[in-house]
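[1] Give me a model of this one.
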Amino acid sequence: MSIHPTAIVATGAQIPASCTIGPYCTIGPNVVLKESCELVSHVVLDGHLTLGSNNRIFSFACLGVSPQDLKYAGEPTRVEIGDNNTIREYVTISRGTTGGGGITRVGSGCLIMAYTHIGHDSVIGNGCILANAATLAGHVTVEDYAVVGALCPVHQFCRIGRYSYIGGGTTITQDVLPYSLTSIERNNHAYGLNKVGLERRGFTAQQLKELRSAYRTLRASKLNTTDALAAIREAIAQGNAGEHVAYLADFIANSERGVIK
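    Next comes the predicted model:
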């Protein structure tokens, strides 16, 4: 394998021959790398960390480090990261806590840009983009193909719905609706459907029409959230809306912090 002579790799670390470890990297004894990972330089991998295949980690990223939680007392909690991710400079990903399940997870095919922080016990899905300095507190869930804009702080226990797009600088203190555009420019409102993003992901015209109708019921009608949700479920029962609208309805119904509407 290619390990730069200035790198420090602890005994016990599992690194396949196909990996490349650049200058001044530090890898702890409980780290497991899968095939064809590249650590560019000055990367810190710590704790019980498993990194999937074909990940590229840029300089000064710190993965698997202790959580920023005063209750943490050195328990052997974990970070699990999937395949084909790009993790840029100065990203920090904290391992889990016993009170939060003990695992921080990142899926596959994600782009995690510079200075992003993923706090303890957070769960990031597949195909997500976290732009520069996105800051996720502990216990945050980001569902598949969501985009979190630059400089966005996300409160603990918030959920970012699948295929949603959050504009840069938006403070998130409630759940972000799936398929939505949410931005500080609209006073932290979900101001429409993420139409361009959904089209790029292969959503059909009929699916977009159904979602647009559901959002019109939720946002543009004079119904409160409970009554709007009942109207959306009635449309589903009548066969006028499909699986994506059903998922949207379930997301709203299961929200504990409330949704940004």
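[2] Flag the shaky bits of the stretch 101-250 of the chain, pLDDT-wise.
    In the predicted model of the stretch 101-250 of the chain, residues 185-190 satisfy pLDDT under 70.
[3] Can you pull up the most central residue in the chain?
    In the chain, the residue lying closest to the centroid (Cα atoms, centre = their mean) is I124, at 3.2 Å.
[4] so where do the helices sit in the stretch 151-261 of the chain?
    195-200, 205-215, 225-237, 243-253 (DSSP state H, counting those that start in this stretch).
[5] what residues are up against the residue nearest to the centre of the chain?
    Listed by Cβ atoms under 8 Å, 6 or more residues apart in numbering, the contact partners of I124 are 105-107, 110, 118, 130, 142. Bear in mind the C-beta positions are built from the backbone N, C-alpha and C, glycine included.
[6] just to revisit the earlier point, any chance of the helices of the stretch 151-261 of the chain in a markdown table, with mean neighbour count and distance to L39 too?
    Output for the helices of the stretch 151-261 of the chain, formatted as a markdown table (neighbours: other Cβ atoms under 10 Å; distance: least, Cβ to Cβ, whole Å):
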| stretch | mean neighbour count | distance to L39 |
| --- | --- | --- |
| helix 195-200 | 14 | 31 |
| helix 205-215 | 17 | 40 |
| helix 225-237 | 15 | 46 |
| helix 243-253 | 18 | 37 |
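[7] Quick one: closest of those to I87.
    I87 lies closest to helix 195-200 among the helices of the stretch 151-261 of the chain, at 22.0 Å (Cβ to Cβ).
[8] Which elements pack onto the closest one?
    Judged by 3 or more Cβ pairs under 8 Å, 6 or more residues apart in numbering; DSSP states H and E, helix 195-200 is in contact with helix 205-215.
[9] For the helix it packs on, name the packing helices and strands.
    Secondary-structure packing of helix 205-215 (3+ Cβ pairs under 8 Å, 6+ apart): strand 189-193, helix 195-200, helix 225-237, helix 243-253.
[10] Let's have these in JSON lines, adding distance to A137.
    Formatted as JSON lines, those follow (distance: least, Cβ to Cβ, whole Å):
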{"stretch": "strand 189-193", "distance to A137": "20"}
{"stretch": "helix 195-200", "distance to A137": "25"}
{"stretch": "helix 225-237", "distance to A137": "25"}
{"stretch": "helix 243-253", "distance to A137": "20"}
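[11] Of those, which is nearest S53?
    helix 195-200 (25.4 Å).
[12] chain center to the closest one, what's the gap?
    Helix 195-200 has its C-alpha centroid displaced from the chain centroid by 19 Å (Cα atoms, centre = their mean, to the nearest Å).
[13] go on, stretch 238-252?
    Its chain's C-alpha centre and that of stretch 238-252 lie 23 Å apart, by Cα atoms, centre = their mean.
[14] before we move on, what about stretch 35-48?
    Remark: stretch 35-48 is offset 20 Å from the chain centroid, using Cα atoms, centre = their mean.
[15] do the same with stretch 157-167
    8 Å.
[16] Ok, stretch 109-126 next?
    Worked out by Cα atoms, centre = their mean, stretch 109-126 lies 5 Å from the chain centre.
[17] what comes up buried for it?
    Using 16 or more other Cβ atoms under 10 Å as the burial criterion, the residues of stretch 109-126 that qualify are 109-110, 112-126.
[18] can you check stretch 10-21 too?
    Going by neighbour count (16+ other Cβ under 10 Å), the buried part of stretch 10-21 is 13, 15, 19-21.
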